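K.L.:
Let me see the structure of the following:
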Amino acid sequence: ILFTNMTILEFINGLNDIKAERVLDSILLPAANRVISQFKRRIFNDGEAASGAKIGNYSTKPAGFSRRQFVKKSTFIGGSDGGDTMQFKGGYKEFRQLQGRQTAFVDLRLSGSLENSIQLVKDGENAILIAITNEEEAKKARENEKRFSKVIFSLSESEKKTFNEALLSGAEKVIKRALR
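P.N.:
Presented below is the predicted three-dimensional model:
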């Protein structure tokens, strides 16, 4: 119960005292923080698309990778001609294994740059967005959605539910404080 022994006019006056920055700081920001952590965990830890399905499996098609693509530079051994490309018969999956990364399922985490570029961004007075803040990383995200034919970088139904629940909880706390 939000209020007791209060007139409607007192209730309305209390609501009018809620400042825009309190909405942003006390309601939107905490809700967005809960969602962004769930969003990143789904993609980069659990390897799931927005639908809840696994993103996919890493390719085992033979491929070559340049020195600059290596996260662990010490694992690079130049090509047989001493070139700047190292060949992998086991494809990207073998390349990841050499880098010490898991290969059981696609988790889109190699260097961490894509995950780190996903941040909360203030949009105007009372809006917060979950955004990929680096254009190169945004391109990488779009390419991965295309490659795996899955929506990955949109909120899942569970994340939307978490956001709505956190909004309601935050709004209730702000209203209770305003009406004291």
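
K.L.:
Report the separation between the spatially closest residue to residue 122 that is not a sequence neighbour and residue 168.
P.N.:
Once flanking residues are discounted, residue 122 sits nearest to residue 128: 5.9 Å by C-beta to C-beta, 6 or more residues apart in numbering. Backbone N, C-alpha and C define where each C-beta goes, glycine included. Distance check for residue 128 against residue 168: by C-beta to C-beta, to the nearest Å, it reads 16 Å.

K.L.:
These two: which has the busier surroundings?
P.N.:
When neighbours are counted by other C-beta atoms under 10 Å, residue 128 and residue 168 differ, and residue 128 comes out ahead with 18 against 12.

K.L.:
In contact with that one, which residues?
P.N.:
When contacts are counted by C-beta atoms under 8 Å, 6 or more residues apart in numbering, residue 128 touches 24, 28, 29, 32, 120, 121, 122.

K.L.:
Next step: the residues you listed restricted to helices.
P.N.:
If you go by DSSP state H, the contacts of residue 128 have 29, 32 in helices.

K.L.:
Turn the contacts of residue 128 into CSV, columns for distance to residue 63 and neighbour count.
P.N.:
What follows is the contacts of residue 128, written out as CSV (distance: C-beta to C-beta, whole Å; neighbours: other C-beta atoms under 10 Å):
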residue, distance to residue 63, neighbour count
24, 46, 17
28, 43, 20
29, 42, 15
32, 38, 22
120, 36, 16
121, 35, 12
122, 41, 13
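
K.L.:
Would you mind giving the contacts of residue 128 as a markdown table with distance to residue 49 added?
P.N.:
Converted to a markdown table, the contacts of residue 128 look like this (distance: C-beta to C-beta, whole Å):
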| residue | distance to residue 49 |
| --- | --- |
| 24 | 30 |
| 28 | 26 |
| 29 | 27 |
| 32 | 21 |
| 120 | 22 |
| 121 | 23 |
| 122 | 28 |
